[in-house]
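1. need coordinates for the following:
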Amino acid sequence: MVRRTKEEAAITREHLLDTAEVVFLREGVARTSLQRIADEAGLTRGAIYWHFKDKVEVFNAMMERVRLPCEEAHDAQALGLTQDTDPVEALRDFAWVPIARMLDDARTRRVFTIAIHCTEYSDEMRPALERHMAAMEEFRSRAERLIAAGQARGLLDAAISARSASIGFIALIDGLLSRATLLPIEAGDVEGYRGGIEVFLRGLRQDESKV
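-> Numbers count the residues shown, from 1 in each chain. Below you'll find the predicted structure:
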């Protein structure tokens, strides 16, 4: 009986977080009350307070259920460079990890959209923003190392600083991620997103490779 009660409580908690995602996305975090989430979930206000003390706790729990797109790339093996590894191919694969996460995972797309477009960050919620910024900076830093490796092997134009190139790279990825939060995912998006990455990489190559 105790196990069943715990399982039911866990199911209720997940249902509340699922509902919070929907309401936050539709109405914005600031305009959403715990009562609104409870009503939408078909539960009492007491039920939501059993699991969460306030809206900030709901928001943080919702954020903790997903990996942000650039966090997903942190596990990529793109930096496992050997003499036989093409840094340009590694950079291409690395770039695609967060984009694929956004295009393929509806929950990640919803939560990322809420975090970027539907949230006014109070002090209590600022850790979520700092988490996002840290993930983006780590992604940029790893890209910089890949670009530097490509330059060292004569594959990428060394006249462009690796840091400057990595800033442009993260700006491209951030823009593609933002586009995925603002527009419906349509047939042809994968090809278009890959094409955008390819255009950027071509601009980094040595002149003789820009074909």
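
2. going by C-alpha atoms from here, please, whenever you check contacts or count neighbours.
-> Fine.

3. all helices of the chain, in order?
-> Counting by DSSP state H, the chain has helices at residues 2-27, 34-41, 45-51, 55-64, 69-73, 87-104, 106-117, 126-152, 162-182, 189-204.

4. now do the same contact list for the nearest residue in space to residue 55 that is not next to it in sequence.
-> Excluding the flanking residues, the one nearest residue 55 by C-alpha to C-alpha, 6 or more residues apart in numbering is residue 34, at 6.2 Å. Contacts for residue 34 (C-alpha atoms under 8 Å, 6 or more residues apart in numbering) come out as 45, 48, 54-55.

5. still on that earlier bit, out of the helices of the chain, which is the most enclosed?
-> helix 69-73 (a mean of 23; mean count of other C-alpha atoms under 10 Å).

6. how far does that helix sit from its chain's centre?
-> 6 Å (C-alpha atoms, centre = their mean, to the nearest Å).

7. what's that helix packed up against?
-> For helix 69-73, the elements it packs on are helix 87-104, helix 126-152, judged by 3 or more C-alpha pairs under 8 Å, 6 or more residues apart in numbering; DSSP states H and E.

8. now the ones you listed as TSV including distance to residue 118 and mean pLDDT?
-> Shown next, in TSV, are the helices and strands packed on helix 69-73 (distance: least, C-alpha to C-alpha, whole Å; pLDDT from 0 to 100):
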stretch	distance to residue 118	mean pLDDT
helix 87-104	17	91
helix 126-152	12	93
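
9. in JSON lines: these, plus distance to residue 184.
-> Formatted as JSON lines, the helices and strands packed on helix 69-73 follow (distance: least, C-alpha to C-alpha, whole Å):
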{"stretch": "helix 87-104", "distance to residue 184": "10"}
{"stretch": "helix 126-152", "distance to residue 184": "22"}
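
10. before we move on, the earlier item: dump the contacts of residue 34 to TSV, plus distance to residue 112 and pLDDT.
-> Putting those into TSV (distance: C-alpha to C-alpha, whole Å; pLDDT from 0 to 100) gives the following:
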residue	distance to residue 112	pLDDT
45	26	91
48	23	93
54	21	95
55	18	95
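
11. looking at the helices and strands packed on helix 69-73, which is nearest to residue 74?
-> helix 126-152 (7.1 Å; C-alpha to C-alpha).

12. relative orientation of that closest one and helix 162-182 in degrees?
-> Orientation note: helix 126-152 sits at an angle of 130 degrees relative to helix 162-182 (axes from the mean of the first three to the mean of the last three C-alpha atoms, to 10 degrees).

13. who are the packing partners of helix 126-152?
-> By 3+ C-alpha pairs under 8 Å, 6+ apart, helix 126-152 packs against helix 69-73, helix 87-104, helix 162-182.

14. phi, psi of residue 67?
-> Per-residue torsions, residue 67: phi -100, psi 130 (degrees, to the nearest 10).

15. ok, and the closest non-adjacent residue to it?
-> The shortest distance from residue 67 to any non-neighbouring residue, by C-alpha to C-alpha, 6+ apart, is to residue 108 (7.2 Å).

16. follow-up on the earlier one: out of the helices and strands packed on helix 69-73, which gets nearest to residue 183?
-> Comparing the helices and strands packed on helix 69-73 by C-alpha to C-alpha, helix 87-104 comes nearest, at 11.2 Å.

17. who are the packing partners of the closest one?
-> Using 3+ C-alpha pairs under 8 Å, 6+ apart, the elements in contact with helix 87-104 are helix 69-73, helix 106-117, helix 126-152, helix 162-182, helix 189-204.
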